[in-house]
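Give me a model of this one.
(3 chains)
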Amino acid sequence: MSTAIWWIRRDLRLADNQALAAALSSADEVVPVFVLDPALLGSGYVADKRLGFLFAGLRVLDADLRRLGGRLLVRRGNPAAVLAALRHEVDAGPIYAEADVSPYAQRRDAAVARVAPLSLVEGLTVHSPDAVLRESGDPYVVYTPYSRAWRALPMPDRAELLSAPGAISVPQGISGEAIPEMPSQTDLGGFPAGEAEAQQRLARFAGSGVYAYREDRERMDLDGTSRLSPYLRLGMVSARQAAVAALEALGAAETHAGRAGAQTWLDERIWREFYISILYHFPEVRHQSFREAYRELHWENDPALFCAWQEGKTGYPIVDAAMRQLSVTGWMHNRARMIVASFLTKDLLIDWRWGERHFMQHLIDGDPAANNGGWQWSAGTGTDAAPYFRIFNPVLQGEKYDPDGVYVRRWVPELSGVATRLIHKPWIMTPEAQRQAGCVIGSDYPAPIVDHTIARNRTLAAYKRAKGRRATDSDFRDR
DNA sequence: TTTTGAGTTGTTCGA
DNA sequence: GTCGAACAACTCAAA
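Numbers count the residues shown, from 1 in each chain, chains lettered A, B, ... in the order given. From the prediction side, this is the model:
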């Protein structure tokens, strides 16, 4: 009787799971194990909602495994120690796991590989970061050529996706700990965990919503996005399943708009892999700007302004609505993420890393690669960055992408009586209008904490200075 | 090696 | 209200 270990990390699914398939084909029995890693759980980059979603996902996975005659083992501790002990205990051969790219995952897996045979297999992405490279062997650092190379690689079709196993045999007599409960019944904000839920969402979105995605995804007052991010984060749906669905939708689209929608959503799959590739090839982006020029930026980092941003009390309705949506649900609309990121970095001149950390501490889908890529893009410090002079105007963004103020009123109820015409700039209401709207600026709702025009000019100057300083430094070095 | 074309998501200003 | 230009060069990718 041979035994293999399936080490589950962010692949909480039975279908199209290459690590599980490899374990099953290599041995008679498989131990599915999740390791509660104190280094991750106590890292300061953890969100209650994300942890709750993980634990709920583990419960569903355990139930799914039990239907196949198996079960999930949960252990706690340093992964290398836990896995070495488990291997000894069940007399197992290799450990199979889905390769991950974050700097911590790399260190952790290297430590495990030193004490046990660890076989890392594909699955986090459709195309591994080592497979999408330039002719020279260097990684791409601009999205468009990356996406061209990505698309040129062979794609699996639906028939090639792996089915869930029909049965799974787990050795008897091994004990683990119970899947933790979240304190005080964490509300998962409309994201029930599990593979079945993820597959349903994917099928529903790929069957209808995706065709209007290009336009509707911009609208914060609509439900135009797939809301699959937490499921992709923990692999309740595989990257391949999502990409295959996108390609099928593209093929099935009958209108120009429909094709554009499917194409745009496919692009989002590729953006995800682009940022995974960037984090893999340039792990230092976790700690510093990708672009050297902006490592010298002089951030203001005013703690009071940061606090107002976190709490959704900036006086800019679209920013406050978004930040409150994040606190309450653990999720934020993608356009809203760009707006608040632009506001934090360009209006408040606060270090993007502060915002990155806050997002990781609250997002149910918080992913190191995508979050870092998004923040550095917004801050203009990243690989394929927005030009530094591209500064979102929170009023215009609100008027354009929440035209009726529905999103603002949902999350900032003190503004619910404000006329639509003024909902994104309530401070220009006359005192009389404020009384009538039941919203006095300065007491019911804050006045803007910064003046956008002034802040914008200050930021343009700061970025220009950072670039200038760099030029001077390198001139000096070259001499 | 050199050259050339191109680059997620925007805003402001002036005509 | 609408339109085009300016914003700022810079670096990447590929021929």
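
List, one by one, the residues from the stretch 101-250 of chain A near DNA strand B.
Proximity of the stretch 101-250 of chain A to DNA strand B is confined to A:142-144, A:218 under the rule CB under 7 Å from any atom of the strand. Where you see a C-beta, it was placed from the backbone N, CA and C, and this is true even at glycine.

okay if I get the residues you listed as a markdown table plus secondary structure, distance to residue A:101 and neighbour count?
Output for these, formatted as a markdown table (DSSP: H, G, I helix; E, B strand; the rest coil; distance: CB to CB, whole Å; neighbours: other CB atoms under 10 Å):
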| residue | secondary structure | distance to residue A:101 | neighbour count |
| --- | --- | --- | --- |
| A:142 | coil | 19 | 10 |
| A:143 | helix | 17 | 19 |
| A:144 | helix | 22 | 10 |
| A:218 | coil | 29 | 17 |
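
Please tabulate those residues in JSON lines, including the columns distance to residue A:109 and pLDDT.
Below are these laid out as JSON lines (distance: CB to CB, whole Å; pLDDT from 0 to 100):
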{"residue": "A:142", "distance to residue A:109": "29", "pLDDT": "92"}
{"residue": "A:143", "distance to residue A:109": "27", "pLDDT": "93"}
{"residue": "A:144", "distance to residue A:109": "31", "pLDDT": "91"}
{"residue": "A:218", "distance to residue A:109": "38", "pLDDT": "94"}
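
ok, which stretches of the stretch 51-200 of chain A are helices?
A:79-90, A:103-115, A:143-152, A:195-207 (DSSP state H, counting those that start in this stretch).

what residue ranges in the stretch 351-479 of chain A score low on pLDDT?
Residue ranges of the stretch 351-479 of chain A with pLDDT under 70: A:469-479.

what about whichever strand or helix holds residue A:328 and DNA strand B, any contact?
Using DSSP states H and E, residue A:328 sits within helix A:317-329. No: Helix A:317-329 lies out of reach of DNA strand B by CB under 7 Å from any atom of the strand, never closer than 10.2 Å.

so who does the residue of chain A found nearest DNA strand B touch?
Per CB to the nearest atom of the strand, the residue of chain A with the smallest distance to DNA strand B is residue A:144, at 3.3 Å. With contacts taken as CB atoms under 8 Å, 6 or more residues apart in numbering, residue A:144 has no neighbouring residues.

Could you report the separation of it from residue A:371?
22 Å (CB to CB, to the nearest Å).

got the residues of the stretch 201-350 of chain A near DNA strand C?
Residues of the stretch 201-350 of chain A lying near DNA strand C (CB under 7 Å from any atom of the strand): residue A:293.

So the residue of the stretch 201-350 of chain A found nearest DNA strand C, which state does it fall into?
Residue of the stretch 201-350 of chain A nearest DNA strand C, by CB to the nearest atom of the strand: residue A:293 (6.9 Å). Assigned by DSSP: H, G, I helix; E, B strand; the rest coil, the conformation of residue A:293 is helix.

Point out where chain A drops to low pLDDT.
A:183-185, A:469-479.

where exactly do the strands run in it?
Assigned by DSSP state E, chain A shows strands spanning A:3-8, A:29-36, A:73-76, A:95-98, A:118-121.

okay, those strands in a markdown table with distance to residue A:387 and mean neighbour count next?
Listed next are these as a markdown table, based on distance: least, CB to CB, whole Å; neighbours: other CB atoms under 10 Å:
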| stretch | distance to residue A:387 | mean neighbour count |
| --- | --- | --- |
| strand A:3-8 | 42 | 25 |
| strand A:29-36 | 43 | 23 |
| strand A:73-76 | 47 | 19 |
| strand A:95-98 | 36 | 26 |
| strand A:118-121 | 38 | 19 |
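
Residue A:407 and residue A:321 touch, don't they?
Yes: between residue A:407 and residue A:321 there is a contact at 5.5 Å, judged by CB atoms under 8 Å.

Give the residues shared as contacts by these two.
Going by CB under 8 Å, 6+ apart, residues that sit against residue A:407 and also against residue A:321 are A:220, A:336.

neighbour-wise, which of the two wins?
residue A:321 (31 against 25; other CB atoms under 10 Å).

Would you mind measuring from the closest residue to that one other than its chain neighbours to residue A:157?
Among residues not flanking residue A:321 along the chain, residue A:411 sits closest, at 3.8 Å (CB to CB, 6 or more residues apart in numbering). For residue A:411, the distance to residue A:157 (CB to CB) stands at 42 Å.
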